[in-house]
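Undergrad: Generate coordinates for the sequence data below:
(chains A and B)
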Protein chains: 2
Amino acid sequence: MFRNFKLVSRMVFGRGCFSQLSDILIEKRTTGDGFMVFLLDDAFSGTPLQAAIPLEGRDRLILVNVDDEPKTKYVDQLTADIKTGAAEIGGTPAGVIGIGGGSTMDLAKAVSLMLNNPGSAADYQGWDLIEHPAVYHVGIPTLSGTGAEVSRTTVLTGPEKKLGINSDHTVFDQIVLDPELIAGAPEEQRFYTGMDCYIHCIESLTGTYLNEFSRSYGEKALDLCREVFLNPGPDSDDKLMMASYCGGMSIAYSQVGVCHALSYGLGFVLGLHHGIGNCVAFDYLSEFYPEGVKEFRKMMAMHAIQLPRNLVAGLSSDQVETMVDVALVLEPLWENALGPDWKKTATRSKIRDLFLQM
Amino acid sequence: MFRNFKLVSRMVFGRGCFSQLSDILIEKRTTGDGFMVFLLDDAFSGTPLQAAIPLEGRDRLILVNVDDEPKTKYVDQLTADIKTGAAEIGGTPAGVIGIGGGSTMDLAKAVSLMLNNPGSAADYQGWDLIEHPAVYHVGIPTLSGTGAEVSRTTVLTGPEKKLGINSDHTVFDQIVLDPELIAGAPEEQRFYTGMDCYIHCIESLTGTYLNEFSRSYGEKALDLCREVFLNPGPDSDDKLMMASYCGGMSIAYSQVGVCHALSYGLGFVLGLHHGIGNCVAFDYLSEFYPEGVKEFRKMMAMHAIQLPRNLVAGLSSDQVETMVDVALVLEPLWENALGPDWKKTATRSKIRDLFLQM
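TA: You can find the predicted model right below:
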């Protein structure tokens, strides 16, 4: 069985295409009382990007904070807030537009789902638990690398688990890929987010799960990452945006590996963001990805990136064991990386030793 | 302004995934009287592929003939036939599934549109003339290279013109990409159809219209074509299928060039199929695409392809002038290839001379 996957319905790509957003939304403002909700990463508060958002009539602009990765509680709170606002004006939201990095886009996906589904976002963490289609939702990345613009998940930290709402309804109805929007990102953030794509490609292309669809997209994403981070030029933003898109598409029939498994452990215990967590872990994985790690270090040197070190050594033994637990539970990742006999290589002590170096 | 384009809604890719078609269609058979119409290239009459089509209840299987490229008259006739059959059983078609090469997929697209739109298919040749969404329609390629599986057009020959029905509604709701289905294609047909993709990539990547989206897809399609035709291996069918898909996607923000312009002339006057017409023309275009033509000849030699020759020399002067007219009318193709001053290079006598060599 191969996954029959849902694609983003519409997309526009090009420098300056953000200015087309107003026209794109017109046909979705069909109900007289329908208003749009824009979720904007609060790092853009007061910037020209905020000023360029095509607010009309009773549209709402909500500045969202993604210092922490998105929590189900935050999704519930935003959803309730939007519903209350809608009730006050006697309208219903016609669309949710997320403008920001992977976390902001994930918030937009989750809120658009929860506006049409009862209960808490935590109730839907898992696979295909969503019953009702989401409100029309649009993703507009201002950072590239996560692939959130094309994925069928929205990764949330709930009271019990960090797990995505995986559903065909999660997929965006529209994405707007404007390379000019990623031009101003801080260098470190750009690097760590870009490496999410690079590391994903290394893990999936060397893995045991793969078909030609995912290989083609993964190879292209990898080529583009190499151009962006080893041979930068005037088109680097365009290329990084395409790398993220291709990396996201390649997920359809591939799987990540050792690095993502360890990164989840780091994220769960230390609250480390996904992109930087991957980088911290990847640097210690020469044994599994010798060529990839070598090239990654070259990229780090070229961009003068200093990884945080000694994050784990000072933790309690309980915390380290929790990291190991979180990493080991991700069986498909280990199997993809090491084959069906992965348990022989990826022992608790081996994984603990890896963590203790970080 | 960048095109905000519609993507195929769902896709499945993988060896043997054709066997999932029955499951894919189940959720579309929702109305009690809804039946599916399968259009199968009659070259597959009596083959295991025909036997594997998941016919149920009142489904219809229609063997279509694509010896000639699809005509609006044929689309009208098929549509009327399906409507008459539906009226007799008091049902309505729930879906149209095209199984074959580009021509068969184009027929399926056109019929699905015409089942929901009045008049003749000829009334809709052009851009965005379709008013009502098509019946659910599925594309299943048995030849790869045209990109018809992802395009927003269905190229038809009408009483007055050869022109596509270009519309967002033309795009397939579902595609099923099973590399096993293209394994048995005759070598020449496989080559000519594959070259549709290769030549498209050469024309678009060397052209003046392009952005990073189309460049990324075009480069990947080109790489895959090279692997398939210069370094074939056990995954060649998978790669060719992905090349066609990527080539089709790259069309979003790119344009073809000199070869396609001349090929339209050959097609219009000689009735030459699109794939072979491109190859006939491309072989004489070293002046415009020196590297591409060199590599193309290497591919021809490796696959022992003998191009038809002396097709034009014996034609009447009127016929040759018609070819030149048809080629010259395609202004965006010339501008893409040669820039805004294309008229200085692409004179009538120059184009006539090119045709007379073919």
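
Undergrad: dump the residue contacts of A:G275.
TA: A:G145, A:T146, A:Q189, A:Y192, A:T193, A:M195, A:D196 (CB atoms under 8 Å, 6 or more residues apart in numbering or on different chains). Every C-beta, even on glycine, is put in place using the N, C-alpha and C of the backbone.

Undergrad: Apologies, that question was intended for A:F38.
TA: The neighbours of A:F38, taking CB under 8 Å, 6+ apart as the test, are A:I53, A:L55, A:D59, A:R60, A:L61, A:I62, A:I97, A:I99.

Undergrad: Contacts only, for the closest residue to A:D238 other than its chain neighbours.
TA: Closest residue to A:D238 apart from its sequence neighbours, by CB to CB, 6 or more residues apart in numbering or on different chains: B:E212 at 3.5 Å. B:E212 makes contact with A:F13, A:P179, A:D235, A:D238, A:K239, A:M241, A:M242, according to CB under 8 Å, 6+ apart.

Undergrad: So which of these sit within helices?
TA: A:D238, A:K239, A:M241, A:M242 (DSSP state H).

Undergrad: give me the number of residues near A:G91?
TA: Neighbours of A:G91 under the rule other CB atoms under 10 Å in any protein chain shown: 16.

Undergrad: Same check on A:G207?
TA: A:G207 has 22 neighbouring residues, counting by other CB under 10 Å.

Undergrad: Surely it forms part of a helix?
TA: No: secondary structure of A:G207 (DSSP: H, G, I helix; E, B strand; the rest coil): coil, not part of a helix.

Undergrad: Leaving out the residues flanking it, which one is nearest to the closest residue to chain B within the stretch 251-358 of chain A?
TA: Proximity of the stretch 251-358 of chain A to chain B (CB to the nearest CB) peaks at A:Y253, 6.9 Å away. In space, and not counting its chain neighbours, A:Y253 is closest to A:S214: 4.1 Å by CB to CB, 6+ apart.

Undergrad: helix or strand for the one you found, which one?
TA: Taking DSSP states H and E as the criterion, the element that holds A:S214 is helix A:212-230.

Undergrad: what is the orientation angle of that helix with helix B:212-230?
TA: Interaxial angle of helix A:212-230 relative to helix B:212-230 (axes from the mean of the first three to the mean of the last three CA atoms, to 10 degrees): 120 degrees.

Undergrad: By neighbour count, which bits of helix A:212-230 are buried? Give me those.
TA: Of all the residues in helix A:212-230, those buried under the rule 16 or more other CB atoms under 10 Å in any protein chain shown are A:212-229.

Undergrad: So what's the gap between stretch A:84-98 and the chain middle?
TA: 26 Å (CA atoms, centre = their mean, to the nearest Å).

Undergrad: and the stretch 1-150 of chain A, which residues reach chain B?
TA: Residues of the stretch 1-150 of chain A found near chain B (CB under 8 Å from any CB of the partner chain) are A:1-15, A:17, A:20, A:24.

Undergrad: Just the buried ones from those, in ChimeraX syntax?
TA: Remark: buried members of these, expressed as a ChimeraX selection using 16+ other CB under 10 Å:
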select /A:2,3,4,5,6,7,8,9,10,11,12,13,14,15,17,20,24
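
Undergrad: Out of the residues of the stretch 1-150 of chain A next to chain B, name the ones that lie in strands.
TA: Among the residues of the stretch 1-150 of chain A next to chain B, the ones falling in strands (DSSP state E) are A:F5, A:K6, A:R10, A:M11, A:V12, A:F13.

Undergrad: Chain A: helices as residue ranges?
TA: A:21-26, A:48-52, A:72-89, A:102-114, A:187-205, A:212-230, A:236-250, A:258-270, A:274-282, A:290-302, A:317-328, A:331-338, A:342-345, A:348-357.

Undergrad: In a markdown table: these, plus mean pLDDT.
TA: Below are the helices of chain A laid out as a markdown table (pLDDT from 0 to 100):
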| stretch | mean pLDDT |
| --- | --- |
| helix A:21-26 | 96 |
| helix A:48-52 | 98 |
| helix A:72-89 | 96 |
| helix A:102-114 | 98 |
| helix A:187-205 | 96 |
| helix A:212-230 | 98 |
| helix A:236-250 | 97 |
| helix A:258-270 | 93 |
| helix A:274-282 | 96 |
| helix A:290-302 | 98 |
| helix A:317-328 | 95 |
| helix A:331-338 | 94 |
| helix A:342-345 | 96 |
| helix A:348-357 | 97 |
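
Undergrad: shouldn't A:Y74 be in contact with A:L107?
TA: Yes: using CB atoms under 8 Å, A:Y74 is in contact with A:L107, at 7.2 Å.

Undergrad: How about the contacts made by A:R190?
TA: Residues counted as contacts of A:R190 (CB under 8 Å, 6+ apart) are A:L143, A:I182, A:L240.

Undergrad: How much space separates the first one from chain B?
TA: Read it as A:L143. Distance of A:L143 to chain B, given as CB to the nearest CB, to the nearest Å: 17 Å.

Undergrad: Quick check: that residue touching A:S103?
TA: No: the criterion here is CB under 8 Å, and A:L143 misses it with A:S103 at 9.2 Å.

Undergrad: When these two are compared, which one has more neighbours?
TA: Between A:L143 and A:S103, A:L143 has the larger neighbour count (other CB under 10 Å), namely 28 against 25.

Undergrad: quick one: the closest residue to that one other than its chain neighbours and A:L262, what's the gap?
TA: Spatial nearest neighbour of A:L143, chain neighbours left out: A:G101 (3.6 Å); criterion: CB to CB, 6+ apart. A:G101 is 22 Å from A:L262, where distance means CB to CB, to the nearest Å.

Undergrad: what does A:E88 give?
TA: In this structure, A:E88 and A:L262 are 47 Å apart, going by CB to CB.
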